[in-house]
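# Just to be clear, the model below is a prediction. Sequence and coordinates:
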Amino acid sequence: MPERFNGPVPLVYPAVAEVRMPPAPPSVHPPARVALAPGSHLGRVAVRARRERNGRHLTAHARLISLFHKTETNFRNTEGERTPVSFTDARFDVNLSMLFTELPLLERPAAAAAAGFDAVELWWPWVDDPTPPKAELDGLRAALEAAGTRLVGLNFYAGRLPGPDRGALSLPGAESERFRANVPVAAEFAASVGCTALNALYGNRVDGADPAEQDERALENLAFAARAAADAGAVLLVEALNAPESPHYPLVGADAAVEVVDRVNAATGLDNTRFLLDLYHLSRNGEDLPSVIERFASRTGHVQIADDPGRGAPGTGTLPLAELLGLLRAAGYTGWTGLEYKPSAAGSAASFGWRP
């Protein structure tokens, strides 16, 4: 087992000699019941990704080890002493659907501000209502303004999330219509608070539904959302999740998600659809994180982090998050990084001890 650290999480990762890297991750495949449309763009990308993933596991593991060694060289002073690999250059926002959930929704922005943050993000807060009453939208806007926190990321309606759902836009029937009803509401709210990133979760595969028809519906609805986002001065985000925790979700790799990004941009001609690069989900999939960053940093519109395993705060798992964020900065990413992790047992306010 990797060594764990007692007490407050340090601001640096330990020297390489003190870190036992975890074994190379096992092969992770979406279960067979996750149908992919034969011959479709998404289907071909997913098949190719599955064929290549096994060979990439050892490569990814070796690259992470190399990353530790490189940072050992790059972050030692002239006396050979280790200097901090810090998070100071990243712009962090708090995901208020993961952190401070022990509080009512309208109290969370103030709690984030009290913890030292001036930016937050949210999943769609009204799980059962894609078009909530104006008074509820006004209340959230007022809470953000009173706390002095900027909303920098917002999900479109995604069904029961948290819960079994992973989006609504590719689902047949009423859920797809609920997504479309939500799009102008979410986009208008985003514009009113200066939020410039709107995330649209793709949705699970549905038993008995034709995957090709789901993909066609998804493209139509994503194009609709991209146009609304553009009118609101925002980008549309497409996110890859991880197969172990989202076994029915078809976008379980960076390549599959970026393929959808490209299809939406081609359909709209707006070039405002971007990849949401979530280091936790990609790590759980066993992806080569330095390679993903190298290939897709320029296509990335938002970043989210949590440590792996456990989905806790930085330092609770084995991911070299400071170094990975450093690679993103070096590749030109200057946007927000969402803290989408589980709070510690001591509560959300006590979950930021890793910060400089």
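Sure, I can see it. Numbers count the residues shown, from 1 in each chain.
# from here on, contacts and neighbour counts on C-alpha atoms
OK.
# which residues does the closest residue in space to residue 150 that isn't next to it in sequence contact?
Closest residue in space to residue 150, ignoring its immediate chain neighbours: residue 119 at 4.6 Å, by C-alpha to C-alpha, 6 or more residues apart in numbering. Counting by C-alpha atoms under 8 Å, 6 or more residues apart in numbering, residue 119 touches 92, 93, 94, 149, 150, 151, 152.
# Quickly note the distance from the spatially closest residue to residue 147 that is not a sequence neighbour to residue 219.
Distance criterion C-alpha to C-alpha, 6+ apart; nearest residue to residue 147, sequence neighbours excluded, is residue 110 at 4.7 Å. Applying C-alpha to C-alpha, to the nearest Å, the value for residue 110 to residue 219 is 37 Å.
# same deal with residue 238?
11 Å.
# more neighbours, these two?
Between residue 238 and residue 219, counted using other C-alpha atoms under 10 Å, residue 238 has the larger neighbour count: 28 against 20.
# Determine the three-state secondary structure at the more buried one.
strand (DSSP: H, G, I helix; E, B strand; the rest coil).
# Kindly report the same for residue 294.
Assigned with three-state DSSP, residue 294 falls in the helix class.
# Does residue 130 touch residue 177 like I think?
No - with contact defined as C-alpha atoms under 8 Å, residue 130 does not reach residue 177; the gap is 9.9 Å.
# the more surrounded of those two?
Using other C-alpha under 10 Å as the criterion, residue 130 and residue 177 rank with residue 130 on top: 23 against 15.
# residue contacts, the more buried one?
Neighbour list for residue 130: 157, 178, 179, 181, 182, 185 [criterion: C-alpha under 8 Å, 6+ apart].
# Need the pLDDT of the closest residue to residue 306 other than its chain neighbours.
The shortest distance from residue 306 to any non-neighbouring residue, by C-alpha to C-alpha, 6+ apart, is to residue 341 (4.9 Å). If you check residue 341, the pLDDT there is 99.
# Hmm, residue 341 is touching residue 309, no?
No - applying C-alpha under 8 Å, one finds residue 341 not in contact with residue 309, separated by 11.1 Å.
# These two - which one has more neighbours?
Ranked by neighbour count (other C-alpha under 10 Å), residue 341 and residue 309 place residue 341 first, with 24 against 13.
# check which helix or strand covers the more buried one.
Under DSSP states H and E, no helix or strand contains residue 341.
# and it, what does it touch?
With contact set as C-alpha under 8 Å, 6+ apart, residue 341 has these partners: 95, 98, 99, 305, 306, 307, 311, 312, 313.
# where's it relative to residue 219, distance?
Counting by C-alpha to C-alpha, the gap from residue 341 to residue 219 is 29 Å.
# mind checking pLDDT for the spatially most central residue of the chain?
The residue lying closest to the centre of the chain (C-alpha atoms, centre = their mean) is residue 278, at 3.4 Å. As summarised for this prediction, residue 278 has a pLDDT of 99.
# With residue 87 instead?
Residue 87 carries a pLDDT score of 77 in this model.
# next one: residue 69
Residue 69 is given a pLDDT of 47.
# same question, the one 4 residues further on
Looking at residue 73, its pLDDT stands at 40.
# Can you tell me which of the contacts of residue 119 is nearest residue 243?
Distance to residue 243, by C-alpha to C-alpha, is smallest for residue 94 among these, at 24.4 Å.
# where's the closest one, which helix or strand?
In this structure, residue 94 is located in strand 91-95 according to DSSP H and E.
# Can you report phi and psi for residue 247?
When read as degrees, to the nearest 10, the backbone of residue 247 gives phi -70, psi -10.
# State the number of residues packed around it.
For residue 247, using other C-alpha under 10 Å, the count is 18.
# any idea how far residue 203 is from it?
Applying C-alpha to C-alpha, the value for residue 247 to residue 203 is 11 Å.
# my guess is residue 157 contacts residue 185, does it?
No - with contact defined as C-alpha under 8 Å, residue 157 does not count as touching residue 185 (9.8 Å).
# ok, those two, which is more surrounded?
Using other C-alpha under 10 Å as the criterion, residue 157 and residue 185 rank with residue 157 on top: 33 against 18.
# now the more buried one, what's its secondary structure?
Under three-state DSSP, residue 157 falls in the coil class.
# so who does it touch?
Taking C-alpha under 8 Å, 6+ apart, one finds 123, 124, 126, 127, 130, 167, 168, 178, 179, 182, 183, 200 in contact with residue 157.
# mind running it again at 10 Å?
123-131, 166-169, 175-176, 178-183, 185-186, 199-201 (C-alpha atoms under 10 Å, 6 or more residues apart in numbering).
# for residue 201, same thing?
Residues near residue 201 by C-alpha under 10 Å, 6+ apart: 155-159, 165-170, 218, 222, 237-241, 249, 251.
# try it again with 6 Å
For residue 201, the contacting residues are residue 167, by C-alpha atoms under 6 Å, 6 or more residues apart in numbering.
# separation between it and residue 171?
As judged by C-alpha to C-alpha, residue 201 and residue 171 stand 11 Å apart.
# and if you look at residue 145?
Counting by C-alpha to C-alpha, the gap from residue 145 to residue 171 is 35 Å.
# More neighbours: the two, which one.
Taking other C-alpha under 10 Å, residue 145 and residue 171 do not tie; residue 171 has more neighbours (23 against 15).
# Lovely, talk soon.
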